[in-house]
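Fold the stuff below for me.
(2 chains)
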There are 2 protein chains.
Amino acid sequence: MSVGEFTPKYEIENRIERFQRKMEENNIAFSIILQNVDLFYFTGTLQKGVLVIPLDGDPMFFVEKTLGRAIQESPLEVIPIKKDKDVGNILRGKNILKGNGGMEFDVLPVTVFERWKGILGVDNLSDISSLIKATRIIKSPFEITQIIKSGQIVSHVFSKAGDVIKLGEREIDISAVLEAEGKKYGHQGFLRMRGLNQEMMNMYVTHGQSAIITSHGDVPISGVGITHAIAQGPSMNRIVRDIPVIIDYGGGYNGYITDETRSFVVGELKDIFKKAYDTAREIIEYAMDYGREGINAIEIFNGSLDRAKKAGIEAYFMGYAEGKVGFIGHGIGLEINELPVITPRHDIILKEGMVFAFEPKFIIPGQGAIGIEVDFIVRQDRLERVTDAPIDMVYI
Amino acid sequence: MSVGEFTPKYEIENRIERFQRKMEENNIAFSIILQNVDLFYFTGTLQKGVLVIPLDGDPMFFVEKTLGRAIQESPLEVIPIKKDKDVGNILRGKNILKGNGGMEFDVLPVTVFERWKGILGVDNLSDISSLIKATRIIKSPFEITQIIKSGQIVSHVFSKAGDVIKLGEREIDISAVLEAEGKKYGHQGFLRMRGLNQEMMNMYVTHGQSAIITSHGDVPISGVGITHAIAQGPSMNRIVRDIPVIIDYGGGYNGYITDETRSFVVGELKDIFKKAYDTAREIIEYAMDYGREGINAIEIFNGSLDRAKKAGIEAYFMGYAEGKVGFIGHGIGLEINELPVITPRHDIILKEGMVFAFEPKFIIPGQGAIGIEVDFIVRQDRLERVTDAPIDMVYI
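Okay, the predicted model is just below:
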């Protein structure tokens, strides 16, 4: 009834081993993992449980609900528990809770953290979220296969978009039809974003004014949304002639997210939009040409900015005025805000197996926005596209 | 371009006053609100900011991004800030940080909490999430209007469901078409659920085996989903004759959630399903008859259970075996897991203005599930339905 391969045993073992090496470097004797996405990454199942990873020794995967599903899905041995409290006694009995422990401070609410300090009866806990992110930043061949399948959903949906975008249609109608298309094609249903107040939709159809208005999120184009209570996404705005329609869509397959953007127009592009689109395309070609293992992400950001400057549209690059964001790319995987971030603010050397969305976009005040977003896999000698969907401007 | 009324000034003032009374009862001198939904509730905008509510004195609403949208949407005076750090200096300058402070411990990640302790330079902070929930449990007439409009989306979508459910269709196809219908009708896009690992979809179409298989969530029917990485929702399962199809759909209008379920069947119902459906309907009629302000929610749970017992189907009531859940209703509002919970585990006296989803459902092992869910507003003399959508079993 559902699709998507279970995570193989070698894959889980490899992830845990790589994480244990980072625990060792950071003097963490045991890790307690509670967040569902991290649990899925390290166990292969999303069922309700707790994963304990000691620095030395085998992981212990405690499952509260549903046992049958967890046993079927996870290559780890599953230890059934009735309540999370049971974990404390078992761990104390096995003398696991010595030394410094680690938990996911970036996502664990204070109440949950305090409760677990009580259950474990320890106080020597520190944040392991950066170690988890540093483990997850390198995607295995198995993960890249999932990401490519996720990208196939995106390619399929973009291939239908030209038939759906019409003069006078509302953004929300275009989005409703295309999202349904993605679901029928196997989209997992929703996408995940890590952290407090991080919310997202599967699809953003924006156009003219609705693509310009900024919102709370750290993204170049938010959309106005249906209501200020959501404050992002497609709106009731209707498509008019000669103004670009932007579709930013996230694929989701077996947990793995892709995130690409294409631009469409009913009619013709004005010169400023044409220049912006050509520059976005040039930036993507530059990144594919220059990017590879060993390159600092800052260089790619700066090389992209240089091309916007050369075109004389630096002011519109990645947002305008208050809406300008400080990055041109972000890691994707099980969550949409993974590492690496392609920004001048963080030094990060690209490594084989990193995967990121790269999104040169231009927001032109009073007129609209245009841009392209593609997903890249970092290889030793190049950046490889995740999808083969054409990036050409689509004229309708 | 977007729809939905802004929150009126009297509404915001009333909410903050009611909350301040609870702060006083709990000896909280100042509250710092950071979660987006709580911010929306107390300010009227979802933009990125921080709300400080002193016990005595006016609230201070600091906004980082986007200022224009926050000023337009919130009746509160907006204080622009560049960074969250600026808030500490301003509050210390005004001598606000005396006495016990409160923050939302149930949703604030440890990292965010520690950061804010640093910004504020205080250590005397305790959890105000129960005070916020106790404020939000009573819906104002303005909120009830939004909830009723949210319910109209649900009614509209259910009115179309009979045309979409067909022999051999996949759950996911039915869901894709009906969700698109909801979006075109004004659905806000997604629904919110409070707390760590709480995820949900807008629509669950389940049928036979896919309605029986349990998952991680504390719900009677999860669905199998498209992938075990999501582990809930509609699946690739195809509709067969004489097995009920259940559609559990959440409306979303201006932030407010509704949550109702209907049952459909292609063909006829077997006796056991018919008995379960009739009992679900009897339980709803009993609740409408008996429920009103002043009634303890435990009584309603027990009265419902009694009816399942009398029908001889107690074993299937609200799940079977490991999948049984301990409630028959849950509060709805800006989040889908609000108070009151209708469960034997919590004493709660119903009060005018509470709103909850009430969902007698039966899961019959090896066969499938059936049930009804409707949303109720608590009135002095009755429970009032949120929608007027018929609850009859639909034969196709």
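
mind pulling up the phi and psi values for A:Ile79?
Taking degrees, to the nearest 10, you get phi -110, psi 110 for the backbone angles of A:Ile79.

need the contact list for it.
A:60-63, A:90 (Cβ atoms under 8 Å, 6 or more residues apart in numbering or on different chains). No exception for glycine: its C-beta is placed from N, CA and C like everyone else's.

Kindly report the same for A:Lys48.
For A:Lys48, the contact set (Cβ under 8 Å, 6+ apart) comprises A:63-66, B:197, B:216.

try 7 Å
Residues in contact with A:Lys48 (Cβ atoms under 7 Å, 6 or more residues apart in numbering or on different chains) are A:63-65, B:216.

In the contacts of A:Ile79, find the pair that's most separated.
Pairwise distances across the contacts of A:Ile79 (Cβ to Cβ) peak at 12.7 Å, for the pair A:Val63 and A:Ile90.

and the stretch 51-200 of chain A, which of its residues are near chain B?
Neighbours of chain B within the stretch 51-200 of chain A, by Cβ under 7 Å from any Cβ of the partner chain: A:65-67, A:69, A:73, A:105-113, A:127, A:172-173, A:175-177, A:179-180, A:183-184, A:186, A:188-190, A:196-197.

Would you mind listing which of these are buried?
The neighbour count (16 or more other Cβ atoms under 10 Å in any protein chain shown) marks A:65-67, A:69, A:73, A:105-113, A:127, A:172-173, A:175-177, A:179-180, A:183, A:186, A:188-190, A:196-197 as buried among those.

circling back: and A:Val63 and A:Ile90? Which one has more around it.
Here A:Val63 and A:Ile90 are compared on neighbour count by other Cβ atoms under 10 Å in any protein chain shown; more neighbours surround A:Val63, at 25 against 14.

Quickly note the distance from the residue minimising distance to the centre of chain A to chain B.
The centroid of chain A falls nearest to A:Ile336 when counting by Cα atoms, centre = their mean (1.3 Å). Distance, A:Ile336 to chain B, using Cβ to the nearest Cβ, to the nearest Å: 14 Å.

Also A:Tyr316?
In terms of Cβ to the nearest Cβ, A:Tyr316 sits 17 Å off from chain B.

Show the pLDDT at that residue.
A:Tyr316 is assigned 98 on the pLDDT scale.

Likewise for the one 10 residues further on?
Per-residue confidence (pLDDT) for A:Gly326: 96.

I'd say it and A:Arg345 touch.
Yes: counting by Cβ atoms under 7 Å, A:Gly326 touches A:Arg345, with 5.9 Å between them.

and the two? which has more neighbours close in?
Using other Cβ under 10 Å as the criterion, A:Gly326 and A:Arg345 rank with A:Gly326 on top: 13 against 9.

residues contacting the more buried one?
Contacts of A:Gly326 (Cβ under 7 Å, 6+ apart): A:343, A:345.

what's the answer for the one 10 residues further on, then?
Shown in contact with A:Ile336 (Cβ under 7 Å, 6+ apart): A:191-193, A:200, A:250, A:257, A:259.

and of those, the nearest to A:Ile137?
A:Ile257 (14.4 Å).

Which positions within stretch A:213-225 qualify as buried?
Buried residues in stretch A:213-225 (16+ other Cβ under 10 Å): A:213-217, A:219-225.

got it, and stretch A:385-396?
A:385-387, A:389, A:391, A:393-394, A:396.
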